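Trainee: whatever this is, show me its structure:
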Amino acid sequence: MRTDSSPGTLPAREHLPAGDAGTPVLDVVIPVYNEEEDLQPCVRRLHEHLTRTFPYAFRITIADNASTDTTPLVAARLEAEIPEVTNFRLGQKGRGRALRTVWSASEAPILAYMDVDLSTDLNALLPLVAPLISGHSDLAIGSRLARASRVVRGPKRELISRAYNLILRGSLQARFSDAQCGFKAIRRDVAQVLLPLVEDTGWFFDTEMLVLAERAGLRIHEVPVDWVDDPDSTVHIVKTATDDLKGVWRVGKALATGSLPLDRLTRPFGDDPRDRDLTNVPTGLARQLVGFCVVGGLSTLFYLLLYSVFRQFSGSQIANALALLVSAIANTAANRRLTFGVRGRGGAVRHQAQGLVVFGIGLALTSGSLAALNAAGSSPAHSTELAVLIAANLAATVLRFLLFRAWVFPDHGESHAGSTVVASHPLSSPNYSTSTTPPHGTTAPYAPLPQRPVPYPQPYPTATQVRAGEAADGSWRDATMRLQPVRPHDTDPGDPR
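Mentor: I've put the predicted structure just below:
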């Protein structure tokens, strides 16, 4: 896995800042390999749809993955004929490599991609990118497995897709529903920090990016899509599935060992309400109590098992000390990761040292209880010893939680100061609109978002306002982005359905 430092910090979520008139808001990448027949109808259909329905400037980028047929010639001809189309040729194959290369070089604030077969209905494109434009979400994906999705495909593809997502949920605890749908978008500021951590260059690129984004606390928006399987798809299902399983193992291993610097992405936004200084509101206490109880219960069972094993060849005091030492190390490591959310190896030695001090207090309580039991009777039964140890461990557990929360992991228990990344600009969301009139109380006007004329008359309301949400200082700002309305029953004439 890549462990190099990320190139920067993510800014606070807000509506897209207005840019130069010639800068596209959306860059749709179409990765292709030997698609000489499908490329031209795909690009023209997509261009026609965006021209009719997308209210801002856009660009379509053809990412040629070292095609060996006439695909480069078709792409060059499209680039010459359509101003909004650009052509980018790579010398190596790999969908992930193509997306990383083009997305990293693009200046558009919203980056998207779709497969060349256009299996996904294009009417889902605007709902896909709208949450990214508004600043509500960081990534957006089309989902074929959502309840509202309408999917037409064979039983083999259906079984493989659902089995793959079950594997992701079981092994990587993924909560998104569809990792491999070729219909995704991401904010450019998020991509600049997230993409250097993604290692895969093939079909697993999507899954790895989503898993890392989810583990880093980024917000992923899902859009139900209408999707029709392409019977002429060139994807090799067996090879792709094998490579994906290898990727699942690699990512799972990296997450388990803490080799990924996800702390650079965790809680990156200054407008996160969990980072606000609120009074009389506990910060994660309930969740930490649940996690600590689960870890504590498993640690107690582990401790009792070790004690029973060590008791076979040593006295009760030695068996208790050895069992408590081993279980305390495991308990501190589990609470560090699961209860208090500390990722990476930074501070691990210090935390274990402090955990051993807490272990010493627990040892004093349990050893004192055993000493009192032995003083009361010469040969207490083994079941009596276990009952006394359980009672002593309950008292030690309460004290351990208080010490962990207040002393060992104070930052992660209260203020999350160790994982918060300060935004590179003020946290309050400014106003961004398509108007050149400056917001009330400001002196410099905002440049307009690049907007194309709407080619049809507008009998509908003149604008739709999207709320940006509450600002970081607790006040409500008029952070609206005005979007030209799209006709409610506008459909794509190229869709055979």
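Trainee: got any ranges where this structure has weak pLDDT?
Mentor: Under the criterion of pLDDT under 70, the regions of the chain flagged as low confidence span 1-22, 231-238, 262-284, 378, 411-497.
Trainee: ok, longest helix in it?
Mentor: Once the chain is assigned using DSSP state H, the helix that runs over the most residues is helix 348-376.
Trainee: can you give me the strands in the stretch 201-350 of the chain?
Mentor: Counting by DSSP state E, counting those that start in this stretch, the stretch 201-350 of the chain forms strands over residues 220-224, 226-228, given from the N-terminal end onward.
Trainee: now render these as TSV, adding mean neighbour count and distance to residue 354.
Mentor: (C-beta placed from N, C-alpha, C; glycine too.) As requested, the strands of the stretch 201-350 of the chain are arranged in TSV below (neighbours: other C-beta atoms under 10 Å; distance: least, C-beta to C-beta, whole Å):
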stretch	mean neighbour count	distance to residue 354
strand 220-224	20	35
strand 226-228	20	52
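Trainee: adding distance to residue 351 as columns, could you present those in a markdown table?
Mentor: Below are the strands of the stretch 201-350 of the chain laid out as a markdown table (distance: least, C-beta to C-beta, whole Å):
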| stretch | distance to residue 351 |
| --- | --- |
| strand 220-224 | 30 |
| strand 226-228 | 47 |
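Trainee: out of those strands, which gets nearest to residue 402?
Mentor: Of all these, strand 220-224 sits nearest to residue 402, with 35.6 Å by C-beta to C-beta.
Trainee: what does the closest one contact?
Mentor: Counting contacts by C-beta atoms under 8 Å, 6 or more residues apart in numbering, the residues outside strand 220-224 that touch it are 124, 127-128, 131-132, 136-143, 146-149, 176-178, 210, 213-214.
Trainee: could you look up the SS state of the closest residue in space to residue 113 that isn't next to it in sequence?
Mentor: Distances taken as C-beta to C-beta, 6 or more residues apart in numbering put residue 29 closest to residue 113, at 4.2 Å, once the chain neighbours are dropped. When the structure is reduced to helix, strand and coil (DSSP: H, G, I helix; E, B strand; the rest coil), residue 29 reads as strand.
Trainee: picking up where we left off before, nearest to residue 67, out of the strands of the stretch 201-350 of the chain?
Mentor: Between those, strand 226-228 lies closest to residue 67; by C-beta to C-beta that is 24.6 Å.
Trainee: who touches that closest one?
Mentor: 119-121, 123-124, 142, 144, 149-153, 181, 497.
Trainee: and if you look at stretch 344-363?
Mentor: Contacts with stretch 344-363, where a contact means C-beta under 8 Å, 6+ apart, come from 258, 260-263, 320-321, 324-325, 328-329, 331-333, 336, 342, 393, 396, 399-400, 403-404, 407-409.
Trainee: buried sites along the longest helix of the chain?
Mentor: 351-352, 354-355, 358-359, 362-363, 365-367, 369-370, 373 (16 or more other C-beta atoms under 10 Å).
Trainee: nearest to residue 114 among these?
Mentor: Set against residue 114, the nearest of those by C-beta to C-beta is residue 351 (45.2 Å).
Trainee: any of the contacts of stretch 344-363 buried? List them.
Mentor: Burial by neighbour count, judged by 16+ other C-beta under 10 Å, picks out 258, 260-263, 320-321, 324, 328, 331-333, 336, 342, 393, 396, 400, 403-404, 408-409 from the contacts of stretch 344-363.
Trainee: so can I have CSV of the buried residues of helix 348-376 showing distance to residue 201?
Mentor: Supplementary listing: the buried residues of helix 348-376 in CSV, determined by distance: C-beta to C-beta, whole Å:
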residue, distance to residue 201
351, 36
352, 37
354, 42
355, 40
358, 45
359, 46
362, 49
363, 51
365, 54
366, 53
367, 56
369, 58
370, 59
373, 63
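Trainee: run a quick neighbour tally on residue 70.
Mentor: Neighbours of residue 70 under the rule other C-beta atoms under 10 Å: 13.
Trainee: cool, thanks, talk later.
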